[in-house]
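# prediction below, plus the sequence it came from.
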Amino acid sequence: MSPQELETLLETIPDARDGLTRTERIILYVLRETQRELNGRNVPTVMLYGRVVEHVNISEAELHVYLDRLGVRK
């Protein structure tokens with residue numbers, strides 16, 4: 001198995017501790033940090049996307065799917 005295939009596999013398998021994938025955990029971490037910067041206000045999706053893309057290579061549509069799955073979106 002190539003390193004790239006292993007990385008992809010590790011990003012899609014949920015962690016046994018909490019059931020979150022690496023990408024989901026990054027999204028939640030970035031969301032929390034951004035909310036702190038904004039003094040608890042809601043984080044615009046485009047702002048969140050810009051910050052998440054610095055850590056994970058996902059499309060905007062994929063981010064929306066993750067947010068729906070995590071129950072973050074209204």
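Arrived safely.
# only C-alpha atoms from now on, for both contacts and neighbour counts.
Fine.
# what ranges in this protein fall below the confidence cut-off?
73-74 (pLDDT under 70).
# could you say which helix or strand holds residue 62?
Element membership for residue 62 (DSSP states H and E) is helix 60-70.
# now do the buried residues in that helix.
Under the neighbour-count criterion of 16 or more other Cα atoms under 10 Å, helix 60-70 has 63, 66, 67 buried.
# repeat for stretch 8-18
residue 11.
# and that stretch, how far apart are its ends?
Distance between the two ends of stretch 8-18: 19 Å, counting by Cα to Cα, to the nearest Å.
# residues in contact with that stretch?
If you take Cα atoms under 8 Å, 6 or more residues apart in numbering as the criterion, stretch 8-18 is touched by 20, 21, 22, 23.
# please name the nearest non-neighbouring residue to the first one.
Right, residue 20. Sequence neighbours aside, residue 14 is the residue nearest to residue 20 in space, at 4.9 Å (criterion: Cα to Cα, 6 or more residues apart in numbering).
# now the helices for the chain?
3-12, 22-37, 45-52, 60-70 (DSSP state H).
# how much does the last one deviate in direction from helix 22-37?
Interaxial angle, helix 60-70 versus helix 22-37 (axes from the mean of the first three to the mean of the last three Cα atoms, to 10 degrees): 90 degrees.
# and helix 60-70, how far out from the chain middle?
When distances are taken as Cα atoms, centre = their mean, to the nearest Å, helix 60-70 is centred 8 Å away from the chain's centroid.
# kind regards, and thank you for your time.
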